[in-house]
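Asks: next come a sequence and a model predicted from it.
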Amino acid sequence: MNTLSVRAFIPPLTRRGLPLRAIRCYAVQAPGAPTMEIFSNQHKWQQRERAAANVDASRSVDYLRDEVASRLCERVLDIKRHFPHVLDLGANACNVAHALTQPSPEEPEKGPRSTRVGKITAADSSATLLHRDADLPFNNEIEIIREVLPTSELLPYQANTFDAVFSSLSLHWINDLPSVLAQVNNVLKPDSPFISVMMGGDSLYELRTSLQLAEQDRRGGVATHTSPLADVKDVGGLLQKAGFNLLTVDVDDIIVDYPDTFSLMKDLQAMGESNAVLAREKGGIQRDVLLAADAIYRELHGNEDGTLPATFRLIYMIGWKHSPEQAKPLERGTGMFSIKDYLEKNGEGGEGKN
Amino acid sequence: MPGRTRPIDKLATAVGKCSPESAVYGKCIFADYNNVHKDMCAKEFMRLKECYLKAYKTR
């Protein structure tokens, strides 16, 4: 059957051919090993470009990224160091740089947090999103270099370039996470931290389960509507495999209440976080399923006041690049007292006493 | 987008007018959510859909 597709007449959102720089850096850990393709990079890029083109809508859904960027900056402050040159990998709309220019909510009198950071290189594959806030006043308060990456999975930087690498809410769209983490480790200077946060675990489990139940009832089967995400227990292994030392991984849940599922989906779309799994069903979700999912979400997870909670589970990770001068864990068996005794003596009456 | 209502907004307002039917359907699924099969709650769903279609058209 020869049907005339309208799609052929729509000018495609294709990227300009950006030359890959003539820097050689290793892209995969084991050469020749096939990379699992889960997400469509091209599709993700289109979604983010489209979302950022609508500036007002895109700014109105920055609540999550701004909050997470702010929490990430708090963790940066915990490291008593000055970082002359920092890479923000997957910068979105430079939310981390923006958060750095604001004072810490815990110590507002100390002034902006950016005193810790010299200049920041914000790298992202979506040019529109990256330059969305380029003429806002915060750009004058911190030195930002915006760089558009040809692909989000290849870092075109020399080894030992950066004093720290940040990454906020973008690693969950990476297909080959071990390779990207290894590249991050490569571009860091020795004894420099990689401080990052990614979506993971049970994020949006309410939406996931309601859509599954709705499709099960309406259509008799389920399709993928939410991405598979890394779990907390995977992250430690990933960082270790990429060669990071002294790992810290912790989890934080942010629960946002929405009036209905449609607002949640609209906001996700405006963030550019729509479904981009390769094995997704092409085309939208059927209306019947949407209708059913809203009813099920409300019944299964709804709050008493009629709002619907959506959980975002954030996994924060800090890893340090190896250096010979770094503090190392002590030898086994050199401990002077037993932690068990200490906890039994002090742990019981609360955490207040030391 | 000014001057144009997005279909999803129309959908959301229409569904908002059908909360009793929506609750009945939700409860039907919730009653046996470990064992959902096709058209388990078809009757309840059709009632919800009829209400929704009516609300969608009257706007």
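Replies: Cool, the structure landed.
Asks: how about stretch A:144-160: buried residues?
Replies: Buried positions in stretch A:144-160, judged by neighbour count with 16 or more other CB atoms under 10 Å in any protein chain shown: A:144, A:146, A:148-149, A:152-157. To be clear about C-beta, it is placed using only N, CA and C from the backbone, and glycine gets the same treatment.
Asks: quick one, phi/psi of the residue in chain B that chain A sits nearest to?
Replies: Nearest residue of chain B to chain A (CB to the nearest CB) works out as residue B:26 at 2.8 Å. Dihedral angles phi and psi of residue B:26 (degrees, to the nearest 10) take the values phi -60, psi -40.
Asks: per-residue confidence for it?
Replies: At residue B:26, the pLDDT value in this model is 93.
Asks: quick one: what helix or strand has the spatially closest residue to it that is not a sequence neighbour in it?
Replies: With sequence-adjacent residues excluded and distances taken as CB to CB, 6 or more residues apart in numbering or on different chains, residue B:26 is closest to residue A:299, at 2.8 Å. Per DSSP states H and E: residue A:299 is located in helix A:287-301.
Asks: elements contacting that helix?
Replies: helix A:205-219, helix A:261-271, strand A:308-321, helix B:7-16, helix B:19-31, helix B:42-58 (3 or more CB pairs under 8 Å, 6 or more residues apart in numbering or on different chains; DSSP states H and E).
Asks: closest one to residue A:279 among those?
Replies: helix A:205-219 (14.7 Å; CB to CB).
Asks: so residue A:209 touches residue A:300, yeah?
Replies: Yes: using CB atoms under 8 Å, residue A:209 is in contact with residue A:300, at 6.9 Å.
Asks: confidence score at the spatially closest residue to residue B:6 that is not a sequence neighbour?
Replies: Nearest non-adjacent residue to residue B:6, counting by CB to CB, 6+ apart: residue A:266, 7.9 Å away. Predicted confidence (pLDDT) at residue A:266: the value is 93.
Asks: the residue nearest to residue B:26 and residue A:45, how far apart?
Replies: 37 Å (CB to CB, to the nearest Å).
Asks: looking at it, residue A:121 is touching residue A:84, isn't it?
Replies: No: using CB under 8 Å, residue A:121 makes no contact with residue A:84, being 11.5 Å away.
Asks: who has more neighbours out of those two?
Replies: residue A:121 (20 against 11; other CB atoms under 10 Å in any protein chain shown).
Asks: in which helix or strand would I find the more buried one?
Replies: Going by DSSP H and E, residue A:121 is in strand A:117-124.
Asks: near whichever residue of the stretch 51-200 of chain A sits closest to chain B, how many other residues are there?
Replies: Ranked by CB to the nearest CB, the top residue of the stretch 51-200 of chain A for proximity to chain B is residue A:54, at 7.8 Å. Residue A:54: 14 surrounding residues under other CB under 10 Å.
Asks: now do residue A:341
Replies: 9.
Asks: confirm that it sits in a strand.
Replies: No: counting by DSSP: H, G, I helix; E, B strand; the rest coil, residue A:341 is not found in a strand; it is helix.
Asks: tell me the contacts of the residue nearest to residue B:26?
Replies: B:23, B:26-27, B:29-30 (CB atoms under 8 Å, 6 or more residues apart in numbering or on different chains).
Asks: which residues of chain B lie near chain A?
Replies: Counting by CB under 8 Å from any CB of the partner chain, chain B comes close to chain A at B:1, B:6, B:8-9, B:11-12, B:15-16, B:22-23, B:25-27, B:29-30, B:33, B:36-41, B:45, B:48-49, B:52.
Asks: going through those, which ones are buried?
Replies: Buried among these (16+ other CB under 10 Å): B:11-12, B:15, B:22-23, B:25-26, B:29, B:33, B:36, B:40-41, B:45, B:48-49, B:52.
Asks: mind listing what residue B:39 touches?
Replies: Applying CB under 8 Å, 6+ apart, the residues near residue B:39 are A:217, A:220.
Asks: make sure it is indeed in a strand.
Replies: No: using three-state DSSP, the secondary structure at residue B:39 is coil, not a strand.
Asks: do you know the pLDDT at it?
Replies: 90.
Asks: what about residue A:336, how many neighbours?
Replies: 5.
Asks: surely residue B:45 and residue A:218 touch.
Replies: Yes: with contact defined as CB under 8 Å, residue B:45 and residue A:218 form a contacting pair (7.1 Å).
Asks: shared neighbours of those two, anything?
Replies: A:288, A:292.
Asks: picking up where we left off before, closest to residue A:229 out of the helices and strands packed on helix A:287-301?
Replies: Of all those, strand A:308-321 comes closest under CB to CB, at 8.1 Å.
Asks: pLDDT of the closest one, averaged?
Replies: On average, strand A:308-321 scores 95.
Asks: go on, stretch A:324-331?
Replies: Averaging pLDDT along stretch A:324-331 yields 83.
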